[in-house]
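In: give me a 3D structure for the following:
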Amino acid sequence: MRYFVFRNQTVEPFLGESDRGYSAYSDISQVPDDAERFIWFYQVPFNPNSRQVADEVATYADKLGLVSSLIGDRELWVFSLVNLFRCPLTGSDTLIDEAVDAFNAEVRKMAREHTNIKLIDFTDFTSRYASDELVNWKFYLMSQTSLSPKLAKDFAAWFARKEEELAGKRKKCLVLDLDNTLWGGILGEDGMTGIQIGDDYPGNAYRYWQQALLELQQTGVILTACSKNNEADVMEVWEKHPFMVLRKEHFSAWRINWNDKATNIAALATELNIGLDSMVFIDDNPKERALVKQALPMVSVPDFPQKPFGLMTFFRQLVNDHFRIYATTDEDRHKTAQYKAQAQRAAARSQFAGFDSYLQSLDIQISVIEADDFHVSRIAQMTQKTNQFNLTTHRLTEQEVRQHVAEGWKIFCMRESDRFGDNGIVGAMFITGSNHIDNLLLSCRVLGQGIEQAFVAFVLNHLYQGGTETVTATYRPSAKNAQTALFYEGLGFEVTAEDAESKQYSMKMTGKLPVKAYYHIKME
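Out: Numbering: from 1, shown residues only. Presented below is the predicted three-dimensional model:
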């Protein structure tokens, strides 16, 4: 089963019943072996006696600790406690509040200490509703359902986004218009000194908005600009305006010209080597938004607030819908520099007549690393996010990566850099104990340099030196990985079986595979 849910009330209307298992109320004695992960979804019981409620809530942390000890390394998602029907009989009665706070603090501590425990902030959902909307006493009295089933559809959408957040899935790139979007006014008409950004309204609204976008960029979201403007005027604003928060260095790429925005967004995607479906376009002009929606339906185009005072509410929704993840990695925090370097590589490519001479000029350095505690998080994240070069599209959690290592799998990741910068961990290869390549993946930002062939050849040579004679592999087609359909054939693997679901391969190794000399590759 996909999830097993520990609960003290009825929660099936919210989490569903397909591929789910549920404990009896307040029962932690059953811990199924076939559950991929576990959910703890206890809620504060309804009882006018606050002492009794507080005493019961105080037992939850010990029960949760016992469950944690029984499930091993499998993931445990814990909903924070929320008192859905808060009704203290005196203003000084804080017993339930204190018990709830103590439990939530303990879960935060457990999540810090155990990578398989993830805290889901339930107030992120409940805070959207008035207290009278959260509880429907008819349903509670008839079926022990504290949270109103009328909210089930909303909950399902919210929880689906939470699952993506916990898996590290989010949009990659924010494409920003400038006039009346990053600042108030029109630069070409108002001039640098006339645009609105500063300490007074509406300029302070745009300044808060830019500060928030800067924080988002520092979590790994790529910022790009797409504006109908004179580029020299924008550069002057970025360089000289005293209240500008977002500067030139915060943008990985831009298209500031008079072309239509759909064409410019497509060009930005090509330059950054990312998919259009990983982009979100922000523009105050409804006509521009409509054009992009029609021409590029893969791009997400949210409505923009009509007044500047709505910008921070809009930012929160933007993050909730598209960009929040549970935790960031070092690679996330260096995304801007990495994608700027990608644009520089694309520009340098045009200076060379031959592709080999271009690759030689890059001074490509590759380090192959066996999975360890420092790299598991990034490896798991890549399995969740990588689509174009992903040979089987097996999505794995951190705990599943660790479990494979414990089972004897050889899991290698690859760090790559060149003269333009360090791309960080950009590839991973999963090899079972029987020398079967279960999956191979590479970040889209380094595609097109032959790095994937060098990586695989180097790893296979490493296995050959260790005595491996035969290696097998699998390719599974997906909606986005068609470019990898013949990858193994190109390395010399032979097809041993094929159907609509997959292709199976085998290679008899009789010697080391060639690796071109301009890939400076080593095992760490």
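
In: please name the residues that touch the residue lying closest to N285 once chain neighbours are set aside.
Out: Of all residues not flanking N285 in the chain, D177 sits nearest, at 7.2 Å (Cβ to Cβ, 6 or more residues apart in numbering). The way it works is simple: take the backbone N, C-alpha and C, and place the C-beta from them, glycine included. Contact analysis of D177 by Cβ atoms under 8 Å, 6 or more residues apart in numbering lists 225-227, 261, 282-285, 288.

In: farthest-apart pair in these, please.
Out: Farthest-apart pair in the contacts of D177 is A225 and N285; separation 14.7 Å (Cβ to Cβ).

In: and these two? Which one has more around it.
Out: Set side by side, A225 and N285 show more neighbours around A225, with 26 against 15, by other Cβ atoms under 10 Å.

In: beta partners of that one?
Out: L176, W254 (DSSP bridges).

In: surely it touches L176?
Out: Yes: the criterion here is Cβ atoms under 8 Å, and A225 meets it with L176 at 5.5 Å.

In: which residues do these two both contact?
Out: Joint contacts of A225 and L176 (Cβ under 8 Å, 6+ apart) are L182.

In: who touches stretch 148-164?
Out: Residues contacting stretch 148-164 (Cβ under 8 Å, 6+ apart): 13-16, 120, 124-125, 128-129, 133-136, 139, 147, 170, 320-321, 324.

In: could you pull out the strands for the stretch 351-500 of the chain?
Out: In the stretch 351-500 of the chain, the strands defined using DSSP state E, counting those that start in this stretch lie at 364-370, 389-390, 410-418, 421-431, 436-442, 470-475, 494-498.

In: nearest to H250, of the ones you listed?
Out: strand 421-431 (16.2 Å).

In: list the buried ones in the closest one?
Out: Residues of strand 421-431 classed as buried: 421, 423-431 (neighbour count, 16 or more other Cβ atoms under 10 Å).

In: regarding the chain, what is its longest helix?
Out: When the chain is parsed with DSSP state H, its longest helix is helix 95-113.

In: among the contacts of D177, name the buried ones.
Out: 225-227, 261, 282-284, 288.

In: where are the low-confidence patches of this structure?
Out: Along the chain, the model assigns pLDDT under 70 to no residue.

In: can you classify the residue located most distally from the centre of it by secondary structure?
Out: Residue farthest from the centre of the chain, counting by Cα atoms, centre = their mean, is T90 at 44.7 Å. With DSSP: H, G, I helix; E, B strand; the rest coil as the basis, T90 sits in coil.

In: quickly note the distance from it to S50.
Out: For T90, the distance to S50 equals 9 Å [Cβ to Cβ, to the nearest Å].

In: same check, this time on T474
Out: On the measure of Cβ to Cβ, T474 and S50 end up 58 Å apart.

In: now, the contacts of D177 that are in strands?
Out: 225-227, 282 (DSSP state E).

In: what's the burial count for F493?
Out: Neighbours of F493 (other Cβ under 10 Å): 21.

In: same check on S29?
Out: Residues near S29, counting by other Cβ under 10 Å, number 8.

In: A371 against F412, yeah?
Out: Yes: assessed by Cβ under 8 Å, A371 is found in contact with F412 at 7.1 Å.

In: and the longest helix of the chain, which residues are buried?
Out: Buried residues in helix 95-113, counting neighbours by 16+ other Cβ under 10 Å, are found at 95-96, 99-100, 102-104, 106-107, 110-111.

In: ok, residues contacting it?
Out: Contacts for helix 95-113 (Cβ under 8 Å, 6+ apart): 44, 50-51, 53-55, 57-58, 60-61, 64-65, 68, 78, 80-83, 86, 88, 117-119.

In: and those, which are buried?
Out: Of these, these count as buried by 16+ other Cβ under 10 Å: 44, 50, 53-54, 57, 60-61, 64, 68, 78, 80-83, 117-119.
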